[in-house]
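Peer 1: the amino acid sequence is not available; the structure is as follows:
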């Protein structure tokens, strides 16, 4: 009997179908019971002797993979593979897959929610009222502002479509230009410095690469308008968190909404500030999407093991 480990948390909590699909294939299934992302040493211990894994964002490094000789398939529940050493996996003959179902709709809805929250200070007002404080803080409108999107791929394009009713002027920075889409949706491509200096809201939708890691450093953050808002629902390592803390604390930028962090779970100094809204990497945590992605991850795992 082949052994399958489910590393990602909250698997099959919204529907029994993904887990039932695994068990119907006569797999022995063990789940991560720690309720958090596993560390390298924990991965090695937990996955020892397993044939396949339903993976989340935990790090499958060269060291980890070399300690798991029986592992044959890593089925990533998600679209990013930056947490897996693909070169080592290939050398070891480990099959890698990811879900094609994109979390774009869920991610951009969260991005928009963060924009609205910060602009109207919703979280601050909620906390005040719950603490017995009736204090009305002045917010600002999003309508007819300039939205800068860093990364106009599938998710960035979904954001463009979602916010049509706000009548944004939309700027975009991306190495690859889809001129047809830009013309149809009135998107203006520009360099990143122009985007940062002219945008009222900057929303990041990039993959993590050697080029994008740390790209939102002190120099770039300080090019943003003092009244601007920064949103990141892509990868935490894209932003220099210490530089962002300094920019927010000094009111160099007005506010930020972050769903991703350099190290997760996050407990750093940004939690001290009231002009930042933090969520625990919930971009894809929408029930309907989650069920669809889990089923696809299971199907990918089964396919990978059958091809062995």
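Peer 2: Great, that's in hand. None of the values given here were measured: they were computed from a predicted structure. Numbering: from 1, shown residues only.
Peer 1: show me this protein divided up by domain.
Peer 2: 3-101+287-306, 104-278 (automatic domain parsing).
Peer 1: check the offset of the shortest one from the chain's centre.
Peer 2: What that stands for is domain 3-101+287-306. What separates the centre of domain 3-101+287-306 from the centre of its chain is 18 Å, taken as C-alpha atoms, centre = their mean, to the nearest Å.
Peer 1: can you check stretch 213-225 too?
Peer 2: 19 Å.
Peer 1: how about stretch 112-122?
Peer 2: 18 Å.
Peer 1: ok, now stretch 168-176?
Peer 2: 19 Å.
Peer 1: how about stretch 203-221?
Peer 2: 13 Å.
Peer 1: contacts for it next, please.
Peer 2: Stretch 203-221 is touched from outside by 80, 82, 107, 111, 115, 147-153, 155-156, 159, 192-193, 196, 230-235, 237-240, 243-244, 246-247, 252-253, with contacts defined as C-beta atoms under 8 Å, 6 or more residues apart in numbering. Bear in mind the C-beta positions are built from the backbone N, C-alpha and C, glycine included.
Peer 1: start to end distance for stretch 112-126?
Peer 2: Its start and end residues considered, stretch 112-126 measures 18 Å (C-alpha to C-alpha, to the nearest Å).
Peer 1: roughly how far apart are residue 84 and residue 197?
Peer 2: 36 Å (C-beta to C-beta, to the nearest Å).
Peer 1: more neighbours: these two, which one.
Peer 2: residue 84 (22 against 13; other C-beta atoms under 10 Å).
Peer 1: okay, now the nearest residue to residue 268 once chain neighbours are set aside: neighbour count?
Peer 2: Setting aside the residues directly before and after it, residue 268 is nearest to residue 241 in space (C-beta to C-beta, 6 or more residues apart in numbering), at 6.4 Å. Using other C-beta under 10 Å, residue 241 has 18 other residues around it.
Peer 1: ok, now residue 278?
Peer 2: Neighbours of residue 278 (other C-beta under 10 Å): 17.
Peer 1: likewise for residue 194?
Peer 2: 15.
Peer 1: hang on, isn't it packed against residue 171?
Peer 2: Yes: look at residue 194 against residue 171 with C-beta atoms under 8 Å: they come within range, at 7.1 Å.
Peer 1: re earlier: in ChimeraX, how would I select the buried members of the contacts of stretch 203-221?
Peer 2: Here is the ChimeraX command that selects the buried residues among those (16 or more other C-beta atoms under 10 Å):
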select :107,111,115,147,148,149,150,151,152,153,155,156,159,192,196,230,231,232,233,234,235,237,238,239,240,243,244,247,252,253
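Peer 1: what does whichever strand or helix holds residue 127 contact?
Peer 2: Per DSSP states H and E, residue 127 falls inside helix 122-130. Helix 122-130 is touched from outside by 116, 117, 134, 135, 136, 137, 274, 277, with contacts defined as C-beta under 8 Å, 6+ apart.
Peer 1: quick one: end-to-end distance for stretch 126-144.
Peer 2: Length of stretch 126-144, first residue to last, C-alpha to C-alpha: 26 Å.
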